[in-house]
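[1] A structural model of the following input is requested.
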Amino acid sequence: MTWSQPSPPSGPQSGPGSTERAEWVRGGTTLFPAGRVADRVSTVLLLAAGALLTLLTLVIGIIAVVSATAGCDAATGCSPGRFLGGAAIAVGGSFVIGVATVVLAVGAWVRRRTSWWIAALGFVLAIVVVTWGGVVFAQATDPATGAGQVTALPLH
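    A predicted model of the protein is given here:
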């Protein structure tokens, strides 16, 4: 069965092509067919959760980089590049995965396929990338790795 508009029947409205045409008119003209509402709603909710995760990671990443690099200089052996790298991995990776997930989910909608699993996989991958970026950021503060040191500024 195709989702392109079938050719109109040449004779009366009942015949070999009439059921296919009626089915196309009933469900082939919308991205939200009645039988797929739960799939579409769950997909949209998972995509929104991924977007919220990306926004929260962006805000937290900015605050963390600013506060971590405040006491970071060459004299202490600290490099702000790892802080920026960890935040960039978390935010950038989550954003790229989110865009790819939206494109694939809309593509599944157009092809009339289920799409909730695409959004779920994208959300899990976004969590993995945010965690990876957080680990890189945390390693920049760990003196045991020798990557750098962060010390509190003295209050005078």
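
[2] Pull the contacting residues for residue 61.
    Contacts for residue 61 (Cβ atoms under 8 Å, 6 or more residues apart in numbering) come out as 87, 90-91, 133, 137. Bear in mind the C-beta positions are built from the backbone N, C-alpha and C, glycine included.

[3] and the helix or strand in which it is found, average pLDDT?
    When secondary structure is defined by DSSP states H and E, residue 61 falls within helix 37-69. Taken as a whole, helix 37-69 has a mean pLDDT of 92.

[4] quick one: buried residues of that helix?
    Across helix 37-69, burial judged by 16 or more other Cβ atoms under 10 Å covers 39-40, 42-43, 46-47, 49-51, 53-54, 57-58, 61, 64-65, 68-69.

[5] most surrounded residue in the contacts of residue 61?
    Among the contacts of residue 61, residue 90 has the most neighbours (other Cβ atoms under 10 Å), with 27 neighbours.

[6] quick one, helices of this structure?
    18-27, 37-69, 80-110, 116-141 (DSSP state H).

[7] can I assume residue 87 is in contact with residue 130?
    No: counting by Cβ atoms under 8 Å, residue 87 does not reach residue 130; the two are 10.2 Å apart.

[8] and residue 124, how many neighbours does it have?
    13.

[9] try residue 131
    Quick note: residue 131 (other Cβ under 10 Å) scores 12 neighbours.

[10] So for it, what's the pLDDT?
    Taking residue 131 on its own, its pLDDT is 95.

[11] From here on, call the first residue 45.
    I'll keep to 45 as the first residue from here, and by that count the last item is residue 175.

[12] any idea how far it is from residue 135?
    13 Å (Cβ to Cβ, to the nearest Å).

[13] my guess is residue 95 meets residue 143, correct?
    No: the criterion here is Cβ under 8 Å, and residue 95 misses it with residue 143 at 10.2 Å.

[14] Just read off the phi/psi values of residue 114.
    When read as degrees, to the nearest 10, the backbone of residue 114 gives phi -60, psi -40.

[15] burial of it, as a residue count?
    Neighbours around residue 114, by other Cβ under 10 Å: 12.
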